[in-house]
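Engineer: need coordinates for the below:
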Amino acid sequence: MKFSFGWFRRGRSIACAVIFAAVTSAAWAQSFTVTPSSITFPNRPIGTFSLLQSIYVTNTGTTNLILSSYSLSPLEFQLETGHAPQTMLPGTQARFDLRFAPDAAQTFSGSFTLNVHGAAPVSVPITGTGISAGASVSVNRTRLDFGNEAAGTTSNPQVVSVKNVGTSNLTVTGITLDPPFELGGFTKPTLLTAGSALSFQVSLVGTLPAYHTNSATVNYDVLPPSGLSLSGTVTAAAVLGITNFPTLASATVDSPYLAALTAAGGVPPYTWALSAGSALPAGLSLSSDGQISGTLGPGVTVGSYSFSVQVQDSGSPPGVASENVTLPVAASTGASCGNISSNVPNTSGPLIAVTDLGTGTYQGQQGGLYPNGSNVRPSAHNSAGIAISHTIQPLDSNGNPDPNGKYALLSLGVSPAFDTWLQLVPDATADHSINQHLVFVSGAQPGAYASRLADPNDPFWNPIFQNFLPQAGVTGNQVVAVWLHDVDATPSGTFPTDMAAMQSEYQTIAQNLHAKFPNLKLMYLNSSIYSGYSPGNCPEPYAYETAFAVKWAIQQQIDGLPALNYNPKKGPVMAPWMSWASYDWANGLMARNDGLAWACAEITSDGCHPSNSAGREKESNLLLNFFKSDSTTTFWFLAH
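Structural biologist: So this is what the prediction gives:
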């Protein structure tokens, strides 16, 4: 099985400049164009980011073009993607994405300058004006703690009020939070005139018994987002109750669907039915064991469909519980929405999430995130990570301890990592529970494959030091933790060969990170999300199998491989301490044991990336919740 070179390309819209012109150079037999000839960003409120505008370099000649370097100034104009040096074949194009981030109410003028070997530098003038929004908000709550809530029940709602305390209008464009927390009282963008307020409610739904954290982020049109941290514990069911989140995974028009209803308490086994007077959307049915399945009928359109379900236990007399649930139906993103789950190659058995596989095997390889089929870090490795995390402290730009300093968490990887980080950063920075010394740095880029980052001299390292760290206001000396989500560009489609190669690349990347960031202590890795909806760009089971590369790389360190040693008492330090971050793969709509599933509407049209709205929010919250709750992160990630 072969995969295209563009296996992980970014799937998102780009706002390009309206005026396009060409700059042409004839050095030797080469020529190239740079478009547009200038960029003017629309006026932007202080503290917010503009939409992206792109600069394209096109090799219009017949020989290779060497794009040797670039420069961008001032810092209010920021590079989002792009790198140099790079060699451009005839007919190819390089793109640099820029954004405007004003920090004062004034006009900024600058330039993006490209240096091409054998040609005069080409400079693209850039302007943008920062404005004072006039609006300002006050949120009456910064944290909501729901205490204990039994599975199968829903807490009393807690009320949050957002007031415009400024002098001009603003619009609350959206409020985001994830299960098991439920939003009420807000359904669409709301205009707040000066002095006006809106209220919304948040509840904790008793789904999976566990301690849950989350963030509610309030987004505005002219202000940076504000937010509040959420927490609560779902305890074991006291009586029979339905434990599904009341909004089910999204269905897609004209496509197959699957959802499993769950209950707790009472006397199992359970028997399910629709409540009297309720009906499912056409084409779907509910089985007695709680499976909603079928293919949506052609008359089912985009919207939300509500109905009531009932569960009966096996007690004498039987207990009964009912719940109103909502099934969202979304338009197709262009992905292959019929692939609601994927099977093991050459079998009819479904792929099983590594966390659910345990001591079972996939093609001869044991499951679990850690050795022996376990999803829990070995105690010695966990204790070492906790001890290391407690050495993290604020640093000055030279890496010296400074109570007024900062420390940075850097992302690395390809476009799905880029997309997830794009959502995580505003959510995290609006969350009052996050440590104020912590700075989030986006180092992930489309095309930054594991094989590239395994080369310490690869050009993808350059913008991290040239742009991404300075734009965040930190230096490489202040990077203390890295999150890596990466894959290879051209896998052979052979397991375990592909994953063994990527495991080796992860090892080398860890060594490169240790050499490049002198105060780096911790490294967290993710595998891929479900890609079975892909029309062919990134088909399963490759995304599923990436978990084994992560698992094996971490296991090497746990097993004491000298090349990954992090303990100075055991020899030369070669790498940071390594661990799983969140494990986000689930087999499409076939939910794993903790209820996680991926709907087609949460994946972009290429099937490889979380979608711009629900998908990014979902994955970024999985990752954010990991950092807010893991024993090796809470000391430095959370405020104290």
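Engineer: please enumerate the strands of the stretch 101-250 of the chain.
Structural biologist: Using DSSP state E, counting those that start in this stretch, the strands of the stretch 101-250 of the chain run over residues 107-116, 122-131, 137-139, 143-150, 158-164, 170-176, 181-184, 190-192, 197-204, 210-220, 226-235, 241-242.
Engineer: what's the following helix or strand past the last one packed up against?
Structural biologist: Read it as strand 241-242. With elements assigned by DSSP states H and E, the helix or strand that comes after strand 241-242 is strand 251-252. Applying 3 or more Cβ pairs under 8 Å, 6 or more residues apart in numbering; DSSP states H and E, we find strand 251-252 packed against strand 320-330. In this view, the C-beta of every residue, glycine as well, is placed from N, C-alpha and C.
Engineer: please point out which parts of the strand it packs on sit buried.
Structural biologist: Going by neighbour count (16 or more other Cβ atoms under 10 Å), the buried part of strand 320-330 is 321-323, 325, 327-330.
Engineer: what of stretch 581-599?
Structural biologist: In terms of neighbour count (16+ other Cβ under 10 Å), stretch 581-599 has its buried residues at 581-592, 595-599.
Engineer: so which of the residues you listed sit within helices?
Structural biologist: Using DSSP state H, no member of these falls within helices.
Engineer: remind me which helix or strand the spatially most central residue of the chain belongs to.
Structural biologist: The chain has residue 420 as the residue nearest its centroid, 2.4 Å off, counting by Cα atoms, centre = their mean. According to DSSP H and E, residue 420 maps onto helix 415-429.
Engineer: that helix to strand 226-235, inter-axis angle?
Structural biologist: Calculated by axes from the mean of the first three to the mean of the last three Cα atoms, to 10 degrees, helix 415-429 forms an angle of 100 degrees with strand 226-235.
Engineer: helices and strands around the helix or strand just after helix 415-429, which ones?
Structural biologist: As assigned by DSSP H and E, the chain's next helix or strand after helix 415-429 is strand 438-442. In terms of contacts (3+ Cβ pairs under 8 Å, 6+ apart), strand 438-442 is packed against strand 407-413, helix 415-429, helix 469-472.
Engineer: specify the stretch among those that is closest to residue 86.
Structural biologist: With Cβ to Cβ, the closest approach to residue 86 among these belongs to helix 415-429: 16.9 Å.
Engineer: could I get the buried residues of strand 320-330 as TSV with distance to residue 275 and pLDDT?
Structural biologist: As requested, those are exported to TSV (distance: Cβ to Cβ, whole Å; pLDDT from 0 to 100):
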residue	distance to residue 275	pLDDT
321	11	97
322	5	97
323	9	96
325	10	97
327	15	98
328	20	97
329	20	97
330	25	94
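Engineer: where do the domain boundaries of the chain fall?
Structural biologist: 32-131, 137-235, 241-330, 378-637 (automatic domain parsing).
Engineer: which parts of the stretch 451-600 of the chain are helices?
Structural biologist: 462-463, 469-472, 497-516, 542-558 (DSSP state H, counting those that start in this stretch).
Engineer: what about residue 199, neighbour count?
Structural biologist: 13 (other Cβ atoms under 10 Å).
Engineer: OK, contacts around it?
Structural biologist: Neighbour list for residue 199: 159-162, 185 [criterion: Cβ atoms under 8 Å, 6 or more residues apart in numbering].
Engineer: any idea how far it lies from residue 146?
Structural biologist: 18 Å (Cβ to Cβ, to the nearest Å).
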